[in-house]
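Colleague: Test case, fold it:
(one chain, ligands or ions: 1)
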Amino acid sequence: MQTDNHARRILLGISGGIAAYKAPSLVRNLRVEGAEVVPVLTRNASKFVTETALQAVADHRPRTDLWDAEAEASMGHIELARWADAVLIAPATADLVARMAHGIADDLLTTLCLATAAPVFVAPAMNVKMWEHAATQRNIDRLRADGVTVLGPDDGEQACGEFGPGRMMEPEEIAETVTAAVGTPRVLAGTRVLVTAGPTREFLDPVRFISNRSSGRQGFAFAEAARNAGADVTLVAGPVHLATPTGIERVDVVSAQEMKDAVTERAAGADIFVSVAAVADYRPHTTHDQKLKKSDQESDGIRVALKENEDIVGAIAGVEPRPFVVGFAAETQNALQYAREKRARKRMDAIVVNDVSDAAIGFDSSDNAVTLIHGGGEVELSKMPKRAIARRLIAEIAALYAVAGQG
Ligand code: CTP
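Modeller: Numbering: from 1, shown residues only. So this is what the prediction gives:
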């Protein structure tokens with residue numbers, strides 16, 4: 001695991017198999033995980049995926065040729081091999097696996113494989129018979145013995161119509177595995193981060209409650225990103241259907257009052273408090289011990305008296321010493337204006353706002369688009385997966401926290 005703060009640099013080798021058409025999606029997934037990517041195509045790979053498509057999604061121009069004088073002048077192949085934190089070959093054809101296993105360096109990609117000291121990953125993709133062939137299996141064993149990590153292949157239907165092992169592992173899984181193995185910048189190492197997530201439930205009686213549409217996904221993604229950045233994370237979660245990310249202390253609560261108690265108890269020990277939870281603003285004045293019956297109600301309907309829940313984030317921000325406080329706001333109109341006011345009113349160091357009137361982002365969606373508002377300005381993060389949003393926010397918040405600590 002590396003501890004420096006630059007983005008993980010991945011050299012993505014693409015060889016000439018049908019799965020190469022997934023390379024742009026793999027580049028995108030790697031970038032979502034925070035990596036910087038230089039694609040390197042073999043001559044045959046260019047028959048399945050264009051340089052133009054890769055150029056559009058990667059942050060670097062794709063490389064194809066060992067003898068490209070212009071590209072070599074800007075970063076020579078040995079420099080490129082040194083630049084990489086990891087070399088990933090996806091898809092790796094039977095031919096490429098064979099050449100690697102024998103230490104052949106007859107094009108740019110295989111030369112880079114020999115010249116790098118970085119960990120090497122291969123995601124084989126080929127016809128099932130080719131995969132099962134004794135020669136391929138011998139080559140794969142050879143690569144494993146040389147320290148190469150082999151990802152997959154998956155089982156299933158193949159482009160050639162056959163079934164069995166040989167499909168390339170899905171781009172999302174490849175990206176997660178490789179970036180987890182090479183680590184993410186540890187900008188929060190040594191800090192304790194307290195995160196709340198999900199909705200709360202305010203019970204009217206033992207079976208009925210008032211709640212909201214929060215899925216908890218953004219808060220969980222945030223907790224996970226903080227952990228990946230090296231923080232010691234406690235996650236206070238309302239009722240959600242999400243697995244606990246490994247290495248995170250989770251405290252389950254149901255009501256706003258329980259959430260407030262859990263947070264108050266832990267806030268003094270936290271350096272950063274991030275209030276992602278959609279805390280119910282009101283609870284029923286009375287919670288009945290027994291299930292309410294229709295016959296108990298008046299003929300013209302039912303009236304439920306509500307009382308306000310205490311504001312958790314405001315309470316934590318209002319007491320010194322206090323952690324660095326970040327709030328979230330979901331708005332359906334005047335998003336920025338309301339969020340700026342909310343930040344000031346609740347004395348938060350920063351607030352993250354999203355417009356939930358757009359169905360493509362927020363609540364049940366796996367994507368989000370937000371603006372981070374802080375004392376010194378505003379940062380807009382356009383639509384991307386919630387995990388990517390979380391990772392970007394962590395980088396911004398870590399920088400703000402570092403400045404606040406100096407001030
Ligand atoms: N929040 C909180 N405790 C509450 C209500 C909200 O800590 N009882 C936090 C949320 O976790 C979030 C921020 O306050 O970080 C903003 O929440 P929001 O519901 O948008 O704020 P409200 O003050 O309830 O504003 P609105 O009038 O828009 O409901």
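Colleague: where's the residue in the stretch 101-250 of the chain positioned nearest to the ligand, which helix or strand?
Modeller: For the stretch 101-250 of the chain and the ligand, the shortest gap (CB to the nearest ligand atom) falls at Thr196, measuring 6.1 Å. C-beta: built from backbone N, CA, C; applies to glycine. Element membership of Thr196, judged by DSSP states H and E, is strand 192-197.
Colleague: now what about that strand, what contacts it?
Modeller: 214, 216, 218-220, 222-223, 226, 231-238, 240, 259, 263, 266-267, 269-277, 279, 312, 323 (CB atoms under 8 Å, 6 or more residues apart in numbering).
Colleague: can you map out the strands along the stretch 301-407 of the chain?
Modeller: For the stretch 301-407 of the chain, applying DSSP state E, counting those that start in this stretch gives strands covering 306-308, 324-331, 350-355, 367-374, 377-385.
Colleague: what does the first one rub up against?
Modeller: The contact list for strand 306-308 (CB under 8 Å, 6+ apart) reads Ile210, Asp281, Tyr282, Arg283, Pro284, His285.
Colleague: Tell me which of the strands of the stretch 301-407 of the chain lies nearest to the ligand.
Modeller: strand 324-331 (3.2 Å).
Colleague: who in the stretch 251-400 of the chain is up against the ligand?
Modeller: With the criterion set to CB under 6 Å from any ligand atom, the stretch 251-400 of the chain comes near the ligand through 256, 275, 277, 279, 281, 309, 311-313, 327-329, 342.
Colleague: Separate out the buried members of those.
Modeller: Buried by 16 or more other CB atoms under 10 Å: Ala256, Ser275, Ala277, Val279, Asn309, Asp311, Ile312, Val313, Gly327, Phe328, Ala329, Lys342, out of these.
Colleague: Now do the same contact list for the last one.
Modeller: Residues counted as contacts of Lys342 (CB under 8 Å, 6+ apart) are Gly327, Ala329, Met348, Ile351.
Colleague: repeat that for 6 Å
Modeller: Contacts for Lys342 (CB atoms under 6 Å, 6 or more residues apart in numbering) come out as Ala329.
Colleague: Mind pulling up the pLDDT for it?
Modeller: Here, the pLDDT recorded for Lys342 equals 97.
Colleague: okay, and for the chain, where does confidence drop off?
Modeller: Along the chain, the parts satisfying pLDDT under 70 run over 1-6, 296-297, 362-363, 406-407.
Colleague: what residues does the longest helix along it touch?
Modeller: Secondary structure assigned by DSSP state H gives helix 386-406 as the longest helix of the chain. Residues outside helix 386-406 that contact it (CB under 6 Å, 6+ apart) are 32, 34, 187-188, 217-218, 221-222, 225-226, 229, 272, 324, 326, 366, 368, 372, 374, 379, 381.
Colleague: Return the members of these classed as buried.
Modeller: 32, 34, 187-188, 217-218, 221-222, 225-226, 229, 272, 324, 326, 368, 372, 374, 381.
Colleague: how about the strands of the stretch 1-150 of the chain, start to end?
Modeller: Under DSSP E, counting those that start in this stretch, the stretch 1-150 of the chain gives strands at 9-14, 36-41, 86-92, 120-124, 149-150.
Colleague: that older thread, what's the first helix or strand after the strand holding Thr196?
Modeller: Where DSSP H and E defines the elements, the next helix or strand beyond strand 192-197 is strand 202-205.
Colleague: what's the burial count for the nearest residue to Glu331 once chain neighbours are set aside?
Modeller: Counting by CB to CB, 6 or more residues apart in numbering, Glu331 lies nearest to Tyr338, which is 5.1 Å off, once chain neighbours are set aside. By the measure other CB atoms under 10 Å, the count of residues near Tyr338 is 15.
Colleague: Same check on Leu292?
Modeller: Leu292: 15 neighbours (other CB under 10 Å).
Colleague: ok, now which ones touch it?
Modeller: By CB under 6 Å, 6+ apart, the residues touching Leu292 are Asp205.
Colleague: Next, find the distance separating Leu12 from Val97.
Modeller: 16 Å (CB to CB, to the nearest Å).
Colleague: More neighbours: which of those two?
Modeller: Set side by side, Leu12 and Val97 show more neighbours around Leu12, with 29 against 25, by other CB under 10 Å.
Colleague: Setting aside sequence neighbours, what's the nearest residue to that one?
Modeller: For Leu12, ignoring the flanking residues on the chain, the nearest one in space by CB to CB, 6+ apart is Pro39 at 4.9 Å.
Colleague: Now do the one you found against Lys47, distance only.
Modeller: 15 Å.
Colleague: who has more neighbours, the two?
Modeller: Pro39 (27 against 13).
Colleague: the helices in the stretch 101-250 of the chain, which residues?
Modeller: 108-115, 128-132, 134-145, 171-182, 217-228 (DSSP state H, counting those that start in this stretch).
Colleague: The residue nearest to Glu331 contacts Ala330, doesn't it?
Modeller: No. Taking CB atoms under 6 Å as the definition, Tyr338 is not a contact partner of Ala330, at 10.1 Å.
Colleague: Kindly provide the distance from Ile18 to Ala344.
Modeller: 56 Å.
Colleague: With neighbour numbers in mind, choose between these two.
Modeller: Neighbour count, other CB under 10 Å: between Ile18 and Ala344, Ile18 has more, with 17 against 12.
Colleague: so who does that one touch?
Modeller: Ala159.
Colleague: same question, Asp367
Modeller: So Asp367 contacts Ile361, Lys383, Pro385 (CB under 6 Å, 6+ apart).
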